[in-house]
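Peer 1: no sequence for this one, just the structure:
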């Protein structure tokens, strides 16, 4: 499988590390032998070699290194030209998300699908902006379009809903889709103030220097839009959702819930006709109430099975790298014949 | 898809109800049109019609009715002859489990595989006794062999581990695999004695009149043996496992754990080299500690994703019926071409 990698940051590093360490196992167990034929980045240009670029060399230059350290490759192709190369079979989109325009990733995804290349994206932007259009295009051209890593990183929230629960009808999805805010709420339950908990989250690398997207609920809203589109086919804009965050919560709020055997959680919830992100007090009997720290969880309410809850990592370079691997294996299995 | 149903009790009733209610959806969405061509039971004999027996007529006689109420079918074939019928493509084994011999289901499963029929079983017996042999035979003949309903009913514990987490390595499985004992423990946390909680579980239909298999841990051990075989390839007999139950626990034990912010849970746990079922005190930070009532849960510890936890129904006619449906859809998808 010949792969073009768009973006060469933390997530790409996670994926490349996995592909290197599991190379033998992936080949023997699944007959899966990926080859990275090209890499495109916004600031460092591109590299391309149709016979593949050694992963060990790519790992040396992820995040910061100079592309010129890699020899005997082409540097002259732009991203759209790279996507068109006949040797490219799959593009992996790992660049940062833009919820307003989905760009430039949205154009790359369409260019790939129009050229009959499979697409794996962990970039939420294109899906938040135009899930339905992309999915329709993928169906029309008969190509794989996978995005497991956009929600709960590699914890298989989408594969659970769309594959493992096939045959049951999902009537509601409700989740803790942002690990940063859940980490802050957990620290507040342990006695910290909001400000101290946020600082700690930043020190630990869970929160950005500008934490707005996390603490105001926008990151969770983006993931919820993807879930709602994938499960219910709703074409929901984030601007149409009721979205609030954790930034108004006080230590008094947290303690008062604890005294009533309840816990505050930032809950993203959607049905076929509604979607919202908001702080909710959950009883301890709710499986989501026990989810502590920088962890994600989702509960699918179904017609035949009642509630099914999945809890796991929601971020991180290796979990997100695994999400991409699982999508690549799905493409390999579906299209190998 | 032409199906032979072995057993016509609660689980078969659940499946048939689902197939009837979802008939249109299954046909339109998945192109799946099942036909029940035969039914075999231990005490009521068999019925067979190669063009299918109406599900509505079967629902009238599930559990107790007389097979002679269904007209224009053959009554003269024994189970093994039914399995051999050229019109039978899939057998569904729903008869009660026998952990000692796996019989008579074990013979039926082999007869089906030897005749190149797909097998779906919710009967744990054959798998506990001879998982490796059955799986090998299925691989040799190239037939589907599915058993999602044997662990956590329709909550897709096996599909999560074997499909959705493909590419990650599972190093440990740890679960609450018996809903009856978890229900009793939850009632004890609410202040009941062990005896009263057991009586209530029996009144509610969660526990049998003879609750030995549940409260002494054997039911959980059977499920653990299946998980260990499927995940790690271990050929583990239940008699080789350390198995204990909840029948020694007192209200004092339960309260003392609660005071330390911990909860007693009957935990089934396996690694590639060990397996046990035993009461454990879990901290409330463990996702399994918050699983209350007649619910099941499993945590897979993985190399790439850390812990991934799935919580859902562990029994019931509709959830187990859904388990069978999901296996049938898997067979339909895999072999339709």
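Peer 2: Received, thanks. Here the structure is a predicted model, which means the values were calculated and not measured.

Peer 1: alpha carbons only for contacts and neighbour counts from here, please
Peer 2: Noted.

Peer 1: shaky segments in chain A?
Peer 2: A:337 (pLDDT under 70).

Peer 1: how about the strands in it?
Peer 2: For chain A, strands defined by DSSP state E occupy the ranges A:2-6, A:35-41, A:45-48, A:90-93, A:118-121, A:145-146, A:170-176, A:242-243, A:262-271, A:274-283, A:295-302, A:306-313.

Peer 1: Out of those, flag the one nearest chain B.
Peer 2: Of all the strands of chain A, strand A:306-313 sits nearest to chain B, with 4.6 Å by C-alpha to the nearest C-alpha.

Peer 1: strands paired with that closest one, and their directions?
Peer 2: In the sheet, strand A:306-313 lines up against strand A:295-302 (antiparallel), strand B:306-313 (antiparallel) (DSSP bridges).

Peer 1: For the first one, buried residues please.
Peer 2: Neighbour counts using 16 or more other C-alpha atoms under 10 Å in any protein chain shown place A:295-302 of strand A:295-302 among the buried residues.

Peer 1: residues touching residue A:292, list them.
Peer 2: When contacts are counted by C-alpha atoms under 8 Å, 6 or more residues apart in numbering or on different chains, residue A:292 touches A:182-183, A:186, B:285.

Peer 1: Tell me which entries of those residues lie within helices.
Peer 2: Judged by DSSP state H, helices contain the following of these: A:182-183, A:186.

Peer 1: on that earlier part again, out of the strands paired with strand A:306-313, flag the one nearest residue A:240.
Peer 2: Smallest distance to residue A:240 across the strands paired with strand A:306-313 (C-alpha to C-alpha): 21.8 Å, for strand A:295-302.

Peer 1: That closest one versus strand A:170-176: what angle between them?
Peer 2: Angle, strand A:295-302 to strand A:170-176, by axes from the mean of the first three to the mean of the last three C-alpha atoms, to 10 degrees: 170 degrees.

Peer 1: which residues are contacting strand A:295-302?
Peer 2: Residues from elsewhere that reach strand A:295-302, judged by C-alpha under 8 Å, 6+ apart: A:152, A:157, A:161, A:168-179, A:182-183, A:288, A:291, A:307-314.

Peer 1: Just the buried subset of the contacts of residue A:292, written out for ChimeraX, thanks.
Peer 2: One line in ChimeraX is enough to select the buried members of the contacts of residue A:292, burial here meaning 16+ other C-alpha under 10 Å:
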select /A:182,183,186
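
Peer 1: for chain B, what are the nearby residues on the stretch 101-250 of chain A?
Peer 2: For the stretch 101-250 of chain A, the contact set with chain B under C-alpha under 8 Å from any C-alpha of the partner chain comprises A:154-156, A:159-160, A:164-168.

Peer 1: Return the member of the residues you listed nearest to residue A:251.
Peer 2: Checking those against residue A:251 by C-alpha to C-alpha gives residue A:155 as the nearest, at 30.7 Å.

Peer 1: what's the burial count for the closest residue to that closest one other than its chain neighbours?
Peer 2: Leaving aside its chain neighbours, residue A:155 sits nearest to residue A:312 (5.6 Å; criterion: C-alpha to C-alpha, 6 or more residues apart in numbering or on different chains). Number of residues near residue A:312 (other C-alpha atoms under 10 Å in any protein chain shown) recorded here: 27.

Peer 1: Show me where the stretch 101-250 of chain A has its helices.
Peer 2: A:105-114, A:125-141, A:157-159, A:179-189, A:194-203, A:212-215, A:218-232 (DSSP state H, counting those that start in this stretch).

Peer 1: contacting residues around stretch A:200-212?
Peer 2: Residues contacting stretch A:200-212 (C-alpha under 8 Å, 6+ apart): A:179-180, A:183-184, A:198, A:214, A:218, A:294.

Peer 1: mind listing what the residue nearest to residue A:155 touches?
Peer 2: Residue A:312 neighbours (C-alpha under 8 Å, 6+ apart): A:152, A:155, A:295-297, B:305-309.

Peer 1: 6 Å - rerun?
Peer 2: Listed by C-alpha atoms under 6 Å, 6 or more residues apart in numbering or on different chains, the contact partners of residue A:312 are A:155, A:295-296, B:308.

Peer 1: for residue A:293, same thing?
Peer 2: Residue A:293 is in contact with A:182-183, A:186, counting by C-alpha under 6 Å, 6+ apart.

Peer 1: Strand A:306-313 and the longest helix anywhere in chain A, what's the angle between them?
Peer 2: In chain A, taking DSSP H as the definition, the longest helix is helix A:317-335. With the same axes, to 10 degrees defining the directions, helix A:317-335 sits at 120 degrees from strand A:306-313.

Peer 1: do helix A:317-335 and chain B meet at all?
Peer 2: Yes: using C-alpha under 6 Å from any C-alpha of the partner chain, helix A:317-335 comes into contact with chain B via residue A:319.

Peer 1: relative to strand A:2-6, how tilted is that helix?
Peer 2: For helix A:317-335 against strand A:2-6, the angle by the same axes, to 10 degrees is 140 degrees.

Peer 1: With distance to residue B:270 added, can I get the helices of the stretch 101-250 of chain A in CSV?
Peer 2: As requested, these are exported to CSV (distance: least, C-alpha to C-alpha, whole Å):
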stretch, distance to residue B:270
helix A:105-114, 43
helix A:125-141, 39
helix A:157-159, 24
helix A:179-189, 29
helix A:194-203, 34
helix A:212-215, 37
helix A:218-232, 33
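
Peer 1: So for residue B:87, which of those sits nearest?
Peer 2: Closest approach to residue B:87 among the helices of the stretch 101-250 of chain A is made by helix A:157-159 (33.6 Å; C-alpha to C-alpha).

Peer 1: distance between the closest one and the chain's centre?
Peer 2: 11 Å (C-alpha atoms, centre = their mean, to the nearest Å).

Peer 1: Then stretch A:177-196?
Peer 2: Distance, stretch centre to chain centre, for stretch A:177-196: 22 Å (C-alpha atoms, centre = their mean).

Peer 1: Just grab the bridge partners of the closest residue to residue A:309 other than its chain neighbours for me.
Peer 2: Among residues not flanking residue A:309 along the chain, residue A:299 sits closest, at 4.2 Å (C-alpha to C-alpha, 6+ apart). Beta bridges link residue A:299 to residue A:174, residue A:309, judged by DSSP bridges.

Peer 1: Look at the closest residue to residue A:319 other than its chain neighbours and say how many residues are nearby.
Peer 2: Spatially, and ignoring its direct neighbours in sequence, residue A:319 is nearest to residue A:154 (4.8 Å; C-alpha to C-alpha, 6+ apart). The tally of other residues near residue A:154 (other C-alpha under 10 Å) stands at 35.

Peer 1: for the one 4 residues further on, same thing?
Peer 2: Summarising burial for residue A:158: neighbours were counted as other C-alpha under 10 Å, giving 23.

Peer 1: So what's the gap between stretch A:298-314 and the chain middle?
Peer 2: Centroid separation between stretch A:298-314 and its chain, computed with C-alpha atoms, centre = their mean, is 18 Å.

Peer 1: ditto for stretch A:46-59
Peer 2: 24 Å.

Peer 1: How about stretch A:326-337?
Peer 2: 19 Å.

Peer 1: Buried residues in it, which are they?
Peer 2: Going by neighbour count (16+ other C-alpha under 10 Å), the buried part of stretch A:326-337 is A:326-332.

Peer 1: Next, find the distance separating residue A:263 from residue A:273.
Peer 2: Residue A:263 sits at a distance of 27 Å from residue A:273 (criterion: C-alpha to C-alpha, to the nearest Å).
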